[in-house]
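> From the sequence below, what's the structure:
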Amino acid sequence: MKVMFIIPRMVGGGAERVISVLANEFVNRQMEVKILMTAGDDMAYQLDERIEVIQIGGRTDGSLLKRMARVMRMRKVFRKNRDYILAAFEPATAFFTCLARAGLGMKLVSSERNDPESFPNKRIREYAFLHSDKVVFQTQAALSYFQEKIRKKGVVIANPITEKLPEVYEGPRKHTVVAAGRLVEQKNHVSLFRAFQKFLQRFPDYVLHLYGEGELEQELRDLAGTLGIREHVIFEGFHKDILEEIKDGGMYVLSSDYEGISNSLLEAMGMGMPVVSTDCPCGGSRMCIQDGVNGLLVPVGQPDALCMAMERMAGEEDQAAKMGKEASKVRERFSLQSILKQWLDLLDEV
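Numbering: from 1, shown residues only. As a prediction, this is how the structure comes out:
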């Protein structure tokens with residue numbers, strides 16, 4: 001079997017991490033794998049040397065001519081690799097892939113990686129998914145969002161937890177709050193900062209470690225100063241060894257307005273960290289967390305509720321430890337081998 005993953009860039013995001021994990025596992029099973037990057041040459045993940053990475057240009061910045069040129073470059077690559085199954089991650093990428101493979105007879109698996117309601121151009125996504133052979137969704141709620149013709153092509157496959165995940169940590173935990181993700185509006189770090197400001201009134205020795213990069217970094221730095229929490233917030237940037245760094249953290253907090261399934265949340269749970277998450281669409285957090293059993297769920301965009309959940313984790317350490325231990329069971333539910341089998345079965349059906 002031959003598979004070509006298609007993604008704009010391999011930056012430090014969830015979809016890109018899943019591609020890197022699947023690609024490395026596929027080549028270990030004697031499959032031929034290529035990754036086509038359509039909008040840059042960023043590579044934040046370590047890939048097996050047998051994986052060929054193809055780069056065809058930079059960002060188009062909305063230019064129609066540049067987009068047309070991108071499609072033609074994609075088509076040139078496809079013509080040379082017509083025996084590959086195409087796996088396009090994210091709707092816009094799937095749309096351009098559909099245009100570029102027209103008439104070539106290549107099979108296409110598209111994948112929705114986020115809350116469907118958040119995507120701005122519903123028409124191009126509908127076109128892409130209707131012209132795909134299969135469509136992968138992360139949650140049942142995401143699949144249910146679409147019309148019946150697309151649902152019939154759909155399959156729900158969650159994100160895998162890496163086998164390199166550190167063992168479940170059972171020792172004393174640092175007085176830290178950990179959050180990881182791109183510094184963009186979707187993640188609603190503003191709500192997290194406001195919650196953390198109030199949280200510090202009861203737990204002044206805690207420090208917030210913010211992992212990730214993004215367009216809002218300077219705004220968030222300024223906000224931390226405005227809120228008077230600058231000395232308690234560390235902007236860590238992107239770290240490849242983040243799991244080793246955070247495994248003994250006090251709690252992991254996800255403040256997003258919407259998500260597919262957060263890889264970072266799953267990994268934190270898998271290491272036994274107490275976790276707090278917004279109950280955000282499209283249901284990924286609720287799929288992983290049973291409120292009060294293996295973590296805490298709070299409404300989206302409510303800093304006071306987020307603060308109360310954080311205070312509960314910090315103030316009830318024994319109960320937090322029990323929830324963390326229960327959370328670690330996601331290692332089995334979302335194991336790499338289980339998710340990998342689901343992908344292989346899907347590709348066999350295409």
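> Show me where the stretch 151-300 of the chain has its helices.
Along the stretch 151-300 of the chain, counting by DSSP state H, counting those that start in this stretch, helices occupy 189-199, 217-227, 242-246, 263-270, 284-288.
> tell me, which helix in this structure spans the most residues?
As assigned by DSSP state H, the longest helix anywhere in the chain is helix 64-80.
> Now do the helix or strand following that helix and helix 64-80, the angle between them.
Note on helix 64-80: by DSSP states H and E, the next helix or strand toward the C-terminus is strand 85-89. Interaxial angle, strand 85-89 versus helix 64-80 (axes from the mean of the first three to the mean of the last three C-alpha atoms, to 10 degrees): 150 degrees.
> chain center to strand 85-89: distance?
Mean C-alpha position of strand 85-89 versus that of the full chain (C-alpha atoms, centre = their mean, to the nearest Å) differs by 17 Å.
> ok, that strand: who's next to it in the sheet?
strand 2-7 (parallel), strand 108-111 (parallel) (DSSP bridges).
> now, of the ones you listed, which is deepest in the fold?
Stretch with highest mean neighbour count among the strands paired with strand 85-89: strand 108-111 (a mean of 26; mean count of other C-beta atoms under 10 Å). For every residue, glycine as well, the C-beta is placed using N, CA and C.
> Thought Thr60 was touching Lys66, still the case?
Yes. Under the contact definition of C-beta atoms under 8 Å, Lys66 touches Thr60, with a separation of 3.8 Å.
> Out of the strands paired with strand 85-89, the one nearest Lys187 is which?
Proximity to Lys187, assessed across the strands paired with strand 85-89 by C-beta to C-beta, is greatest for strand 2-7 (19.7 Å).
> after the closest one, next one along is what?
Beyond strand 2-7 in the direction of the C-terminus, DSSP H and E gives the next helix or strand as helix 14-28.
> elements contacting that following helix?
For helix 14-28, the contact count by 3 or more C-beta pairs under 8 Å, 6 or more residues apart in numbering; DSSP states H and E identifies strand 2-7, strand 32-37, strand 85-89, helix 263-270, helix 336-349 as packing neighbours.
> Could you save the ones you listed as CSV and add columns showing mean pLDDT and distance to Ile19?
As requested, the helices and strands packed on helix 14-28 are exported to CSV (pLDDT from 0 to 100; distance: least, C-beta to C-beta, whole Å):
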stretch, mean pLDDT, distance to Ile19
strand 2-7, 98, 5
strand 32-37, 98, 7
strand 85-89, 98, 6
helix 263-270, 95, 12
helix 336-349, 96, 11
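> Is it possible to get TSV of the ones you listed that adds distance to Ser132?
TSV is the format used below for the helices and strands packed on helix 14-28 (distance: least, C-beta to C-beta, whole Å):
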stretch	distance to Ser132
strand 2-7	12
strand 32-37	16
strand 85-89	8
helix 263-270	23
helix 336-349	12
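> These: which one's closest to Arg50?
strand 32-37 (7.4 Å).
> How far does whatever helix or strand comes next after the closest one sit from its chain's centre?
Next helix or strand after strand 32-37 toward the C-terminus (DSSP H and E): strand 52-55. Computed by C-alpha atoms, centre = their mean, the separation of strand 52-55 from the middle of its chain amounts to 22 Å.
> Let me see the mean pLDDT of strand 52-55.
Throughout strand 52-55, pLDDT has a mean value of 97.
> Relative to that strand, what are the paired strands and their orientations?
Sheet pairing for strand 52-55, using DSSP bridges, gives strand 32-37 (parallel).
> Pull out the buried residues from the partner strand.
By 16 or more other C-beta atoms under 10 Å, the buried positions in strand 32-37 come out as 32-37.
> what number of residues lie near Ser285?
When counting by other C-beta atoms under 10 Å, one arrives at 27 neighbours for Ser285.
> would you turn the buried residues of strand 32-37 into CSV with distance to Ala195?
Putting the buried residues of strand 32-37 into CSV (distance: C-beta to C-beta, whole Å) gives the following:
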residue, distance to Ala195
Glu32, 47
Val33, 42
Lys34, 43
Ile35, 38
Leu36, 40
Met37, 36
